[in-house]
Every structure is written in structure tokens, then in C-alpha cells.
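K.L.:
Quick one, what's the 3D model for this:
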Amino acid sequence: MEKITVSRYEPLFTIGLAAERVGVSPMTLRMYEQKGLILPYKTASGRRQFSIHDLEIVLCVREMIGRHGLNIEGIRRIMSLIPCWKVKKCSSAEKRSCPAFTNGGGPCWSLTDSICSRKGEECRECRVYRELPECSNLRKMVAG
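P.N.:
Numbers count the residues shown, from 1 in each chain. Here you go, the predicted model:
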């Protein structure tokens, strides 16, 4: 019998099932998406589907709110500190013209005029979103 393997980035869960798995409401997941904390996949009909990776981010956000007393804006600012220009090896010119480098208003995947969006790259597929630091590393950014 063959084993079935699933990528942690594969969209598997509907919004209702995802919300149930992480102990929040579907409305909370929509709000996290609106604030740019997660990037659920959207089907052609607009239905959201969440990956294991997306749910891990939600659990980390919940921990940062509950244990560290952060609010959503604080978490967005911490995520904006991820040096996406280093991860993607952007040129100096690209870095200087990218709002992820210049304004720090949120994670790079939440900015509409980033270099990546101008190139037509899909943020869900991007190394920066997929390699989002482990929650323990984000906690260190809070503490340190």
C-alpha cells in the first residue's frame, strides 16, 4: 500500500474546518487574512482553503496575543521586520524602491506594491511566506 504524503503548504481545510482546528471563529481567520497575517488559497469561486502552514501561523498569532499580550498591529510590525529583501536577494535598487524595505507597515506579502507583486509573483509560493520564522523565533523578536 502506498503512503499518501501531503505538503504542509497544500490548501486542504475549508474556513470552517480550519477555524475548528485552531480554536477560532471563521470571522477571526478572515480578519487575520485582511490584516495580512495569513494568505489562504482562494478557489476560482472565491472559497478560502487553508494549509497546515497557514494554521501554524494562526496558532503562533494566538500565542503571541494570549501569552505576550500583543495586538494584531504589533504582530504585523514584528512580521514586517523579516528581511524579505535578503531572503529574495533583491538588488539595491529593488530594495530601495520596495515598501517592504522602506515603510515596514506589515509583512511583505501584505503590501500591494512590493517588488514581488510588480513581478507577478504569487506570495503564497514565496520563500518569505513559506519560510516564515518559527513561532519561537518570532517570540525572540518580541522579547529581544
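K.L.:
So for the spatially most central residue of the chain, what's the pLDDT?
P.N.:
The centroid of the chain falls nearest to I38 when counting by Cα atoms, centre = their mean (3.8 Å). Looking at I38, its pLDDT stands at 93.
K.L.:
residues touching it, list them.
P.N.:
I38 makes contacts with 29, 32, 50, 54, 57-58, as judged by Cβ atoms under 8 Å, 6 or more residues apart in numbering. Using the backbone N, CA and C atoms, a C-beta is placed for each residue, glycine as well.
K.L.:
6 Å instead, please
P.N.:
If a contact means Cβ atoms under 6 Å, 6 or more residues apart in numbering, then I38 has 32, 54, 57 as its contacts.
K.L.:
May I ask which helix or strand encompasses the second one?
P.N.:
Secondary-structure assignment from DSSP states H and E places D54 in helix 52-66.
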